[in-house]
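J.: Okay, structure incoming, though there's no sequence with it:
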């Protein structure tokens, strides 16, 4: 586990790890997700405002197992394609980076994270083919990789149907709890 | 000597162990839950591994993840700190079986001493004075009544699998015993998963005196003075001091000798603490052994000049003790205050953001803590956020330093027990050294807010 954190100046607050999106994984204990709507009702209103403010047709957001997609019927303004990348188009630089930050973080993607500490392997054995490659479509419950801990091979399964967009960990390297392993695009059009 | 040690704990004790390792030239691996990712102990370690979410059963006590973290980082030894896995005999055993050295006693030591009733029996067989109590576990109300009559009221019912002051009940009269016995069993079952209870005589104004011991792997054993931990609220220690105002040199030598004998009885290794009860007539009785390093170990370090964590590491690495009993000199006096993130009157936990943190300093002041300005005190763990330790040439100087240090200590944004500590250190009975384990509960009851 090399240190990957950026240095923090004295007095500066490092963003709390609780705020980083951690998608749940099948092998982890189920989280109690009741009350999320209440928790996020303020966020939902902000998204609606964002949508209106920048005359967007669509906006999608995901965080900690909660995902919302807002679509306006007769939106004058930006085409659908703008939802993922640059939602800004003609807005102030500050809002531009904000919107970009949101889409960068989420984009409707699901991040599969490691539920345990161990060594990440892309293939069942050194000579075998990897379980998945970038671009593969995977089923829910499909084995994506192995994380080996104390000589026990733990198969990590996909929680969603989708396409493997990016493999985020390096084979034969150690991974920690919560470490991102795969980025999966669950949207049907992918 | 080890090249790399994993610290299976968090907060101030994790930092304590990391400091000792650094001084010994040992690489350190910090483990942490996801909410502790920004903790000081994580930042100061050479490597860090996230082992789970906030809930300690899934992270700090998650044996597979902790062991896996040792495996992937190549750590040769694990220091368990206190709490969490430190007295988990199964964990110590698994470490042994995979070739990772558990820095502490053996798994047999932990198993033998963790069962409080069994530990008492071992001591009785060695003629070590033990609190008058029931022989082993009590299985029925009938057994409890018979034992209580032999011991003499008042008695206290304790959970065999308990510790840390939990699962205890005082019974003053015979007609209260049966109801209390049943309630204690139920509570023990729900708190510790084991309903076994035993009985001891209950003393009215005792002192809690504990003796620090060290034993190397050849069995050479020493004691390092005693600590008086009588200032407790509901069996949770708040202030500790050494030497005890109630213990003279003769008594110290006698208690030390008995403490050494007690741990030799179980072939104990590494650091441990033998707890005694001292009555008003200077009779002392064995209560239990804490088979781990303790929270209050710093005060012993202050008066002996010995780094107990380094000694633990050295012993675990197979080195013999570098000193004999006669080399151990106790000089001066030391206090420790446990600063908790709690309401100083209601004792409700007060987690939250520390907006400003400035610890005291100057001669004879030591603070063990991972807190800083803008630290977040999370609700998931023990509420202790700092240990304030002072040292002086005598008790008066040590007390004066503690009063000064408590005045200097700035912790804003959350409530802490500092106001309570201030009150304790100006209390007339306390300043005269006249306390027992009932002191704090009485001080709190008398306080008019």
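T.: Nice, I can see it. On a predicted model such as this, the values are computed, not experimentally measured, just so you know.

J.: Mark out where each domain of the chain begins and ends.
T.: All of this is about chain A. A:36-105, A:110-185 (automatic domain parsing).

J.: think we crossed wires, I meant chain B
T.: According to automatic domain parsing, chain B is divided into the following domains: B:4-103, B:125-201, B:207-446.

J.: do you know which of those lies nearest chain A?
T.: Closest approach to chain A among the domains of chain B (CB to the nearest CB): domain B:4-103, 3.6 Å. Heads up, the C-betas are built off the backbone N, CA and C, glycines and all.

J.: what about that closest one and chain A, touching?
T.: Yes. Residues of domain B:4-103 are located near chain A by CB under 8 Å from any CB of the partner chain, namely B:29, B:34-35, B:37-38, B:43, B:47-53, B:58-59, B:64-69, B:71-73, B:98.

J.: Low-confidence ranges, chain A, go.
T.: A:1-47, A:50-57, A:61-67, A:71-106, A:189-190 (pLDDT under 70).

J.: If you could redo that for the stretch 101-250 of chain B, that was the one I meant.
T.: B:135, B:163-165.

J.: Now do the strands in it.
T.: Along the stretch 101-250 of chain B, counting by DSSP state E, counting those that start in this stretch, strands occupy B:101-102, B:155-159, B:168-171, B:197-201, B:207-215, B:221-233, B:236-242.

J.: could these go into TSV alongside distance to residue B:254 and mean neighbour count?
T.: Written out in TSV, the entries for those read as follows (distance: least, CB to CB, whole Å; neighbours: other CB atoms under 10 Å in any protein chain shown):
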stretch	distance to residue B:254	mean neighbour count
strand B:101-102	32	21
strand B:155-159	25	25
strand B:168-171	27	18
strand B:197-201	20	24
strand B:207-215	10	25
strand B:221-233	11	23
strand B:236-242	17	24
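
J.: Hmm, residue B:174 is touching residue B:145, no?
T.: Yes. Assessed by CB atoms under 8 Å, residue B:174 is found in contact with residue B:145 at 7.2 Å.

J.: higher neighbour count, the two?
T.: Higher neighbour count among residue B:174 and residue B:145: residue B:145, with 16 against 12, using other CB atoms under 10 Å in any protein chain shown.

J.: which residues touch the closest residue to residue B:293 other than its chain neighbours?
T.: Nearest residue to residue B:293, sequence neighbours excluded (CB to CB, 6 or more residues apart in numbering or on different chains): residue B:271, at 5.1 Å. Contacts for residue B:271 were tallied using CB atoms under 8 Å, 6 or more residues apart in numbering or on different chains; they are B:104, B:212-214, B:292-293, B:297, B:308, B:311-312, B:315.

J.: helix, strand or coil for residue B:271?
T.: Assigned with DSSP: H, G, I helix; E, B strand; the rest coil, residue B:271 falls in the strand class.

J.: Run through the bridge partners of it.
T.: residue B:214 (DSSP bridges).

J.: per-residue confidence for it?
T.: What the model reports for residue B:271 is a pLDDT of 98.

J.: Near residue A:49, how many residues? Count them for me, please.
T.: Residues lying near residue A:49 (other CB under 10 Å) number 10.

J.: Can you tell me the SS state at it?
T.: helix.

J.: what residues are up against the residue nearest to residue B:283 when sequence neighbours are not counted?
T.: Take residue B:283 and drop its neighbours on the chain: the residue closest to it by CB to CB, 6+ apart is residue B:129, 7.3 Å away. By CB under 8 Å, 6+ apart, residue B:129 lies in contact with B:258, B:283-286.

J.: Any of the residues of domain B:4-103 next to chain A buried? List them.
T.: Taking 16 or more other CB atoms under 10 Å in any protein chain shown as the criterion, what is buried in the residues of domain B:4-103 next to chain A is B:29, B:34-35, B:37-38, B:43, B:47-53, B:58-59, B:64-69, B:71-73.

J.: how much space between the residue lying closest to residue B:280 once chain neighbours are set aside and residue B:279?
T.: If the residues on either side of it in the chain are set aside, residue B:280 comes closest to residue B:205, at 6.1 Å by CB to CB, 6+ apart. Between residue B:205 and residue B:279 the computed distance is 8 Å (CB to CB, to the nearest Å).

J.: Much appreciated, bye for now.
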